[in-house]
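Student: I'd like to go over a predicted model; first the sequence, then the structure.
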Amino acid sequence: SQELEQSPQSLIVQEGKNLTINCTSSKTLYGLYWYKQKYGEGLIFLMMLQKGGEEKSHEKITAKLDEKKQQSSLHITASQPSHAGIYLCGAGGQDGNNRLAFGKGNQVVVIP
Amino acid sequence: GAVVSQHPSRVICKSGTSVKIECRSLDFQATTMFWYRQFPKKSLMLMATSNEGSKATYEQGVEKDKFLINHASLTLSTLTVTSAHPEDSSFYICSARDPQGDEQYFGPGTRLTVT
């Protein structure tokens, strides 16, 4: 089964600073999803990456899928308190059935 | 992004009773929906895939007779926790796959507490 390792487990940054979190897979990634979750709430869809080398941006958040398709990074520029939360990466299977396996999350805290 | 709703958001029930949770996709027709369970400070665990018009596909270790899934229409899937026990207390989240772009959108979750 596919395993996703997210690092760092938790991260505290000063408002305005940049931050990067990573998601590393034990197998080739065929669809990598990034979500944000606040405790006790649902997941907010951020981005989906499918092709090796693909990079997508939304507002101040940029996510990349490396060429070998086994790691993705998510970068936040000039972090704001609104960026605080748990970032989860999820990976689909090779058969494209969208049954996602998730990592344990990166907890991001932004200090004003 | 697309909207997926869940109802109820919170439910408390007594041991032995059954609880139904609804998941609706509001912006698109979802032939496939998924049910996840999340334990405190843990990641999401996929329970089953809900297929419109056919039987759900359960992940290994998930009891299909305990967690009944019905996907009666292209916008509604229900999860019924039958004969609930305290160990069933958890956060249940559904998701719906947008057939247009393959994105998967999640509902806000349902907090189930079994006393």
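Tutor: Looks like it came in fine.
Student: what's around residue 106, how many residues?
Tutor: Since no chain was named, I'll use chain A. Residues near A:Asn106, counting by other Cβ atoms under 10 Å in any protein chain shown, number 23. Every C-beta, even on glycine, is put in place using the N, C-alpha and C of the backbone.
Student: Chain B was what I was after
Tutor: B:Phe106 has 27 neighbours, counted by other Cβ under 10 Å.
Student: number of nearby residues for the nearest residue to it once chain neighbours are set aside?
Tutor: Closest residue in space to B:Phe106, ignoring its immediate chain neighbours: A:Leu43 at 3.9 Å, by Cβ to Cβ, 6 or more residues apart in numbering or on different chains. A:Leu43 is flanked by 28 other residues according to other Cβ under 10 Å.
Student: could you list every residue that touches A:Leu43?
Tutor: Each residue near A:Leu43 by Cβ atoms under 8 Å, 6 or more residues apart in numbering or on different chains is listed here: A:Tyr35, A:Lys36, A:Gln37, A:Leu88, B:Leu44, B:Ile93, B:Ser95, B:Phe106.
Student: now with 6 Å?
Tutor: Contact analysis of A:Leu43 by Cβ atoms under 6 Å, 6 or more residues apart in numbering or on different chains lists A:Tyr35, A:Gln37, B:Phe106.
Student: Also A:Cys89?
Tutor: Neighbour list for A:Cys89: A:Leu4, A:Cys23, A:Trp34, A:Gly103 [criterion: Cβ under 6 Å, 6+ apart].
Student: make it 8 Å
Tutor: A:Leu4, A:Gln6, A:Cys23, A:Leu32, A:Tyr33, A:Trp34, A:Tyr35, A:Ser72, A:Leu74, A:Phe102, A:Gly103.
Student: ok, now B:Phe91?
Tutor: A:Gly40, B:Arg37, B:Gln38, B:Phe39, B:Gly109, B:Thr110, B:Arg111, B:Leu112.
Student: Skipping its backbone neighbours, what lies nearest it in space?
Tutor: Ranked by Cβ to Cβ, 6+ apart and with sequence neighbours excluded, the top spatial neighbour of B:Phe91 is B:Gln38, at 4.5 Å.
Student: Was I right to think that neighbour contacts B:Cys94?
Tutor: No: with contact defined as Cβ atoms under 8 Å, B:Gln38 does not reach B:Cys94; the gap is 11.6 Å.
Student: and those two? which has more neighbours close in?
Tutor: A direct count of neighbours by other Cβ under 10 Å for B:Gln38 and B:Cys94 places B:Cys94 higher, at 30 against 20.
Student: so that one, which of the three states?
Tutor: Under DSSP: H, G, I helix; E, B strand; the rest coil, the three-state class of B:Cys94 is strand.
Student: cool, A:Arg99 as well?
Tutor: Secondary structure, three-state DSSP: A:Arg99 is coil.
Student: Ok, A:Ser79 next?
Tutor: coil.
Student: and if you look at the one 3 residues further on?
Tutor: Here A:Ser82 takes the helix state, with states given by three-state DSSP.
Student: Now for it, how many residues are close by?
Tutor: By other Cβ under 10 Å, neighbour count at A:Ser82 equals 10.
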